[in-house]
Structures are given as structure tokens and as C-alpha cells.
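Next comes the sequence, and after it the predicted model I'd like to discuss.
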Amino acid sequence: VIPGWFSEISTLWPGEAHSLKVEKLLFHGKSDYQNITVFQSSTYGKVLVLDGVIQLTERDECAYQEMITHLPLCSIPNPKKVLVIGGGDGGVLREVARHSSIEKIDICEIDKMVVDVSQHFFPSVAVGFEDPRVTLHIGDGVAFLKAAPEGTYDAIIVDSSDPIGPARELFEKPFFESLAKALRPGGVMCTQAESIWLHMHIIENIVANCRQIFKGCVDYAWTTVPTYPSGVIGFMLCATEGPAVDFKHSINPIDADDSHVKTKGPLKFYNSEIHSAAFCLPSFARKNESFV
Ligand SMILES: NCCCCCc1nc2ccccc2[nH]1
């Protein structure tokens, strides 16, 4: 360990570790589920770390939050009811709230300490919790979905950490089946789906499961997030059978002068061209080679 530096070491990316220079340790705690650390970095703002893994930094969280939210929500007309699994930092809520058609936002986060820490140290991210359409449920997303009536949601966003620890079950087949059940016909889901540089096996497994379960479009997208391992992270986008969905083009753009946009500031990363580009994959990750 180099004094003054945080290195992200994990068995999920053996032999490599992204490091950030630490100015000051701001918080360290242990919840019922994981170790939680917040530090002030020299060049990426404040950083949230769960069990030694970087979850978000103030400087680049916009890329992840905007893409995981707007890739699904801009692919369907008039989303009204949205569920977020995980996402206890509130960033996805902030982005969902930009869509004026939204009437109801449920969020199910297992670890209350993540919400409390985010509200205290990351107010520009946790601002999402202030939207009157938001209902926060503290609990296990697996159980929440099992209890959800069939066809409840237009969209479900699974903003999970990695498949080690509390989020492990969110990458397994039964969970994807419960997602499909809770979506209306032509409803869409989007999950955090790791890195094509590091986790092709995990991704192939997710795609195989989703192809069996979701009878609509199933596509993998990716984007750049400098502080995630390998500098990129992916998203699995799936639609249930019903009104056709084409993920690769934004059909429901967020109008720039929408009142919601003003309260939350302009989009820093997402736009309609980045939307379509996100589905362009390198040859080693394409259908003929591997999966999509
Ligand atoms: N190694 C990549 C990790 C991606 C993490 C995405 C993420 N960051 C989060 C912060 C709080 C709650 C849920 C979250 N999900």
C-alpha cells in the first residue's frame, strides 16, 4: 500500500488495480452488509467505496448514472412507473426525475447506511431522493420483486455493485425472471453489466439468461467511466414481449428546457449520439465472436 493512495484491489480484476491519490479520509463505517468508506481524492472529488470497490466519484458519476438511466428510459415512449434496485446513492433517481412523463419512482436499496452516507457526503447525487415521486424501500431487491404484482413497471433499473457480496443474487437467473414478471408488456430493464475487458464470462452468462427470459430486444451497451476497472462498464438492456422496443435509437429525448432539467442541472454526458454509439461493440464482443 502506497501512503496517500487508494488502490482498488479485487479478485474480480486480478493483477490490476486502479489507484486514486487520497487527500483526506472522510468516513469509514461497517453496515450490516459491507464496509463503507468515503475519501476526498486529489483529482476526482469525493469517492464512495464499498468493500474496497469504487462505486462512484463526484467527477465521473454522471457518465454511469446518465447512461444506466437514459438508455432504457429514452427507448420507450412515456415511461410512467419506474423501479430502481440498488442505487442507494440516489444518482439514478436524479436522472429518472428528468423525464416529465414519470409519475412514480420506487427504489429498493438493501443498505440504509449507503443512503445516509450519500445524503451526507454526496448531496449533488442524493438530491434524487428529494423528488416527491420517489418512495424509498430499505430491503432486499430479490424479495421486493417477488412481492411486486405482475406487470407493475414500465422500466426497472438495477444499479448494483459487483456480484461479490450483497449484489451477488442480482446477477442470477431467478432474479432476471422476477424482473420480467414485474414489467408490463414492452417494458424495459437495464442492469449494471460489468466490463467486456474483464468479465466476458459473466456477461455471456447474463446474455444467455436474458435471451431465454426476455422475448423482446436484448442488447448490451457500454460506456467509459474512468474510475471503474478497465475504464469501461456495460449495461444489459432487455424488453419483455409486447410493443416493439429498439434500444439502439433514442425515441424519447429529454427536452433540454424541461423544468426538471433546470433543477438538476444539464446532462453532462448522455446525448442521442452517445446513446446509439453505446451499442457499438469491438469485434471480440460481437455476436459472431461471443455474445451480442
Ligand atoms: N466495479 C464496478 C462497480 C459499479 C457500481 C455501480 C454502483 N455504484 C453504487 C453506489 C451506491 C449504490 C449502488 C451502486 N451501484
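Thanks, I have the structure now. Numbers count the residues shown, from 1 in each chain.

Look up which helix or strand I206 falls in, please.
Using DSSP states H and E, I206 falls within helix 200-213.

which residues touch T11?
Going by C-beta atoms under 8 Å, 6 or more residues apart in numbering, T11 touches I164. Yep, even glycine has a C-beta here, placed from its N, CA and C like the rest.

In the protein, which strand is the longest?
Secondary structure of the chain per DSSP state E: the longest strand is strand 18-30.

What is the least confident helix or strand in this protein?
For the chain, using mean pLDDT, DSSP states H and E, the weakest element among its helices and strands is helix 259-264, scoring a mean of 56.

Just give the nearest non-adjacent residue to A126, would you?
Distances taken as C-beta to C-beta, 6 or more residues apart in numbering put G90 closest to A126, at 3.9 Å, once the chain neighbours are dropped.

middle-most residue in this structure, spatially?
Geometric centre of the chain, nearest residue: D159, 3.3 Å, by C-alpha atoms, centre = their mean.

Mind pulling up the pLDDT for that residue?
Looking at D159, its pLDDT is 98.

State whether it and I68 are indeed in contact, as I suppose.
Yes: the criterion here is C-beta atoms under 8 Å, and D159 meets it with I68 at 6.0 Å.

Overlap of the contact sets of the two?
By C-beta under 8 Å, 6+ apart, the residues touching both D159 and I68 are V92, Q192.

before we move on, back to that, quick one, what contacts the residue nearest to the centre of the chain?
I68, V84, I85, G86, G87, G91, V92, Q192.

who does the longest strand of the chain pair up with?
Strand pairing for strand 18-30, determined by DSSP bridges: strand 5-8 (antiparallel), strand 35-41 (antiparallel).

Out of the ones you listed, which is the most enclosed?
Comparing the strands paired with strand 18-30 by mean neighbour count (mean count of other C-beta atoms under 10 Å), strand 35-41 comes out on top with a mean of 19.

Restricting the selection to alpha carbons, write it to CSV.
Provided in CSV are the C-alpha atoms of strand 35-41 (Å, rounded to 0.1, in the frame of the first residue of the first chain):
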residue,chain,number,x,y,z
ASN,A,35,-17.6,-1.8,4.7
ILE,A,36,-18.3,1.8,3.6
THR,A,37,-15.5,4.3,3.0
VAL,A,38,-15.6,7.9,1.7
PHE,A,39,-12.4,9.8,0.9
GLN,A,40,-11.5,13.2,-0.7
SER,A,41,-9.4,12.4,-3.7
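
can you list contacts of the helix or strand that it is followed by?
Under the assignment DSSP H and E, the closest C-terminal helix or strand after strand 35-41 is strand 46-50. The contact list for strand 46-50 (C-beta under 8 Å, 6+ apart) reads 6, 8, 20, 26, 34-41, 54-58, 89, 114, 117-118, 121-122, 161, 165, 227.

and the ligand, which of those reach it?
Contacts with the ligand are made by Q55, L56, D89, V114, S161 out of these, judged by C-beta under 6 Å from any ligand atom.

Adding neighbour count and secondary structure as columns, could you present those residues in TSV?
Compiled in TSV, those are given as follows (neighbours: other C-beta atoms under 10 Å; DSSP: H, G, I helix; E, B strand; the rest coil):
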residue	neighbour count	secondary structure
Q55	24	strand
L56	25	strand
D89	26	coil
V114	25	helix
S161	22	coil
